[in-house]
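> coordinates only, sequence not included:
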């Protein structure tokens with residue numbers, strides 16, 4: 001017995017050593033992307049490139065450095081407006097009355113916005129257009145006041161949502177717009193000190209959730225120009241000059257990027273020029289962020305470099321096919337069934353954006369079945385999970401029953417229980 005125990009310890013030790021040997025050394029995908037990334041010659045102080053369906057980081061440069069985001073903060077405002085629409089707290093046709101605070105920001109010529117007077121009334125959709133197309137600060141305040149009663153309470157909701165979405169501990173909002181505290185005058189929030197601040201990775205995560213949870217945002221962010229009021233002489237011109245919709249605009253043609261349909265620019269003296277962009281090509285959507293660039297032109301040119309890097313060097317690879325058997329977990333045990341186990345297949349597929357030429361060996365797959373399954377089991381019922389690890393980031397896939405398994409009759413279960421009783425008794429005696 002001691003000899004078998006020694007052999008068991010040796011086998012266990014060897015297994016542990018083997019696991020350590022194949023464990024990734026990089027802490028997360030952002031660090032991996034930053035370590036392996038080429039020098040793209042970006043002028044921006046921080047940047048990140050993310051694949052939009054999985055949140056996979058393809059390139060990173062100072063992505064965890066907190067900075068003022070300027071109007072990119074409005075992406076969180078947009079998220080909460082769309083969330084309020086989805087949950088029927090407000091409706092696109094609801095009428096909002098412009099407050100003194102909203103009018104104060106709207107009529108400040110130094111700040112972005114369409115002039116609006118206190119007491120004016122506009123629909124939620126009119127004001128949302130003003131935010132997404134023209135980065136209208138007063139419109140953002142009016143929407144916040146409609147949802148939360150005041151911008152200050154809305155900013156607190158922004159901070160709560162930041163935590164829910166998994167943003168960093170540095171992510172912090174004091175207002176809807178990303179404006180500096182000094183620009184808010186007497187309306188600066190008393191309960192929220194400091195300035196709005198977050199990282200490039202935080203900006204990418206907000207964009208990731210915005211596009212994933214509320215894809216209709218792209219219908220708004222892709223509008224190149226639109227009149228705020230039918231009586232206005234001139235339309236609002238989208239500050240995002242890279243939109244594909246500008247391809248025939250002689251003024252913006254040099255910035256236009258094929259497939260680009262969002263998302264949010266930003267600029268203040270302290271924040272520099274910032275831009276969160278998103279584009280789709282060949283069914284692959286990428287999200288890029290640049291922060292603290294020296295000029296609007298450079299923020300767009302840096303964005304082009306990031307997106308070009310992604311689309312040129314990466315390809316979509318099907319790592320797991322939906323409905324396929326699992327080599328390491330062909331079946332899982334079930335209780336009280338006609339059979340004692342049920343077949344397992346993948347309940348969904350997984351495709352990742354990887355560097356061209358990446359081998360299958362780069363993906364580590366582990367499968368684990370549930371231990372409390374009781375018949376009857378329906379085909380397609382979740383029976384476990386598979387974890388695919390790539391560049392130290394785990395991706396979880398549901399495993400499901402390959403077929404129906406009926407509940408066993410009492411006669412079969414009775415004799416199976418007797419059999420198991422004697423097997424357990426003999427096994428216990430051997431161990432003793």
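Perfect, I can see it now. What you see is a predicted model; the values in this text were computed from it and never measured.
> for residue 17, give me the pLDDT.
Per-residue pLDDT puts residue 17 at 31.
> ranges for the helices of this protein?
With DSSP state H, the ranges of helices along the chain come out as 2-22, 29-36, 74-86, 100-106, 124-134, 137-148, 151-164, 200-213, 217-221, 296-313, 410-431.
> by mean pLDDT, flag the weakest helix or strand of the protein.
Lowest on mean pLDDT, DSSP states H and E among the helices and strands of the chain sits helix 2-22, with a mean of 35.
> residue ranges of the strands in the stretch 151-300 of the chain, please?
Secondary structure of the stretch 151-300 of the chain (DSSP state E, counting those that start in this stretch): strands at 225-226, 236-237, 260-268, 272-281, 284-293.
> whoops, I mixed them up, the stretch 301-432 of the chain
Ranges of strands in the stretch 301-432 of the chain, per DSSP E, counting those that start in this stretch, are 314-320, 331-333, 341-346, 350-355, 364-369, 382-390, 393-401.
> out of those, which is closest to residue 189?
Nearest of those to residue 189, taken as C-beta to C-beta: strand 393-401 at 36.3 Å. C-beta: built from backbone N, CA, C; applies to glycine.
> just want the angle from that closest one to strand 341-346.
Put simply, strand 393-401 runs at 140 degrees to strand 341-346, going by axes from the mean of the first three to the mean of the last three C-alpha atoms, to 10 degrees.
> let me know the pLDDT of the spatially closest residue to residue 66 that is not a sequence neighbour.
Among residues not flanking residue 66 along the chain, residue 170 sits closest, at 4.0 Å (C-beta to C-beta, 6 or more residues apart in numbering). Residue 170 is assigned a pLDDT of 96 by the prediction.
> my read: residue 170 touches residue 203, true?
No. If you go by C-beta atoms under 8 Å, residue 170 and residue 203 don't touch, sitting 11.8 Å apart.
> settle it for me: which of the two has more neighbours?
residue 203 (33 against 15; other C-beta atoms under 10 Å).
> from residue 181, how far off is the more buried one?
From residue 203 over to residue 181 the distance is 20 Å, taken as C-beta to C-beta, to the nearest Å.
> likewise for residue 102?
Taken as C-beta to C-beta, the span from residue 102 to residue 181 is 18 Å.
> tell me which of the two has more neighbours.
residue 102 (30 against 15).
> contacts only, for the more buried one.
For residue 102, the contact set (C-beta atoms under 8 Å, 6 or more residues apart in numbering) comprises 116, 118, 138-139, 141-142, 145.
> what's the answer for residue 377, then?
Contact analysis of residue 377 by C-beta under 8 Å, 6+ apart lists 334, 337, 342, 383, 401, 404-405.
> output those in JSON lines, with pLDDT, distance to residue 164 and neighbour count appended to each entry.
Listed next are the contacts of residue 377 as JSON lines, based on pLDDT from 0 to 100; distance: C-beta to C-beta, whole Å; neighbours: other C-beta atoms under 10 Å:
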{"residue": "334", "pLDDT": "89", "distance to residue 164": "36", "neighbour count": "24"}
{"residue": "337", "pLDDT": "75", "distance to residue 164": "39", "neighbour count": "21"}
{"residue": "342", "pLDDT": "93", "distance to residue 164": "36", "neighbour count": "24"}
{"residue": "383", "pLDDT": "96", "distance to residue 164": "29", "neighbour count": "26"}
{"residue": "401", "pLDDT": "95", "distance to residue 164": "32", "neighbour count": "23"}
{"residue": "404", "pLDDT": "93", "distance to residue 164": "38", "neighbour count": "14"}
{"residue": "405", "pLDDT": "85", "distance to residue 164": "38", "neighbour count": "24"}
